[in-house]
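Peer 1: Need the 3D shape of this:
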Amino acid sequence: MGDSLITIIAIFLAAILMFVFPLMSLSERSDDIAQLSIQTATDDFVDNVRTTGKLTLDDWTQFIETASSGGIAVEPEIQLQILDENPGVKTTQAEMTKIGENVYYNLYTSQVEDMLSKDKKIVLKEGDRISVTVKNTNKTMAQILRNFFYTVAGNNSAEITAKHAGIVTVNGNK
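Peer 2: Numbers count the residues shown, from 1 in each chain. Sure thing, here's the model as predicted:
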């Protein structure tokens, strides 16, 4: 009886070592590739908007398709900080050259998508800021296995994320 119990335990451990750990390693590598792909797509998208000064509906939909092309459902978030140059608001006797102050107003994902659906593009100017964050919304195989064996991540944790931001360097209306 004792030998058969040890044999069953040995077979069980051998199965784990032969199948589960290689599967975990392969799925982790797949997540790394997806992370790199989404980060590259995010960097390219933000840098394109920064250097052209324009955000078009085609660029936005292409970015979403590229980010989710690896079979991972993603949730992109975009924030535009538009420089509101409002001269003449404040003037002081001591400093005549500075009139007013520069203030940024924010546009978030739903507002940007509404503007893109109406106008098909958003023209930015030099000094505006763009920030894009992408995170996965579904569980990958690596997350499922990690949760099963280690109980590390919760239900709402995104393992694959990408962030990139920058300042627009040209006026888009040129």
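Peer 1: Assign a three-state SS to E126, would you?
Peer 2: coil (DSSP: H, G, I helix; E, B strand; the rest coil).
Peer 1: Could you count how many residues lie near it?
Peer 2: Neighbour count for E126, taken as other Cβ atoms under 10 Å: 12. Placement of C-beta: from N, CA and C, glycine included.
Peer 1: surely it meets T169?
Peer 2: Yes - using Cβ atoms under 8 Å, E126 is in contact with T169, at 6.3 Å.
Peer 1: list residues touching both of these two?
Peer 2: By Cβ atoms under 8 Å, 6 or more residues apart in numbering, E126 and T169 have these common neighbours: G53.
Peer 1: Only alpha carbons, please: show the lengthiest strand in the chain as CSV.
Peer 2: Longest strand in the chain, counting residues (DSSP state E): strand 74-85. C-alpha atoms of strand 74-85 as CSV (Å, rounded to 0.1, in the frame of the first residue of the first chain):
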residue,chain,number,x,y,z
VAL,A,74,-7.6,45.7,-24.8
GLU,A,75,-9.1,48.8,-23.3
PRO,A,76,-7.4,51.9,-24.7
GLU,A,77,-7.6,55.2,-22.8
ILE,A,78,-6.5,58.5,-24.3
GLN,A,79,-6.2,61.9,-22.7
LEU,A,80,-5.5,65.1,-24.6
GLN,A,81,-4.5,68.2,-22.8
ILE,A,82,-5.2,71.1,-25.0
LEU,A,83,-3.3,74.3,-24.4
ASP,A,84,-5.8,77.1,-23.9
GLU,A,85,-3.9,80.3,-24.6
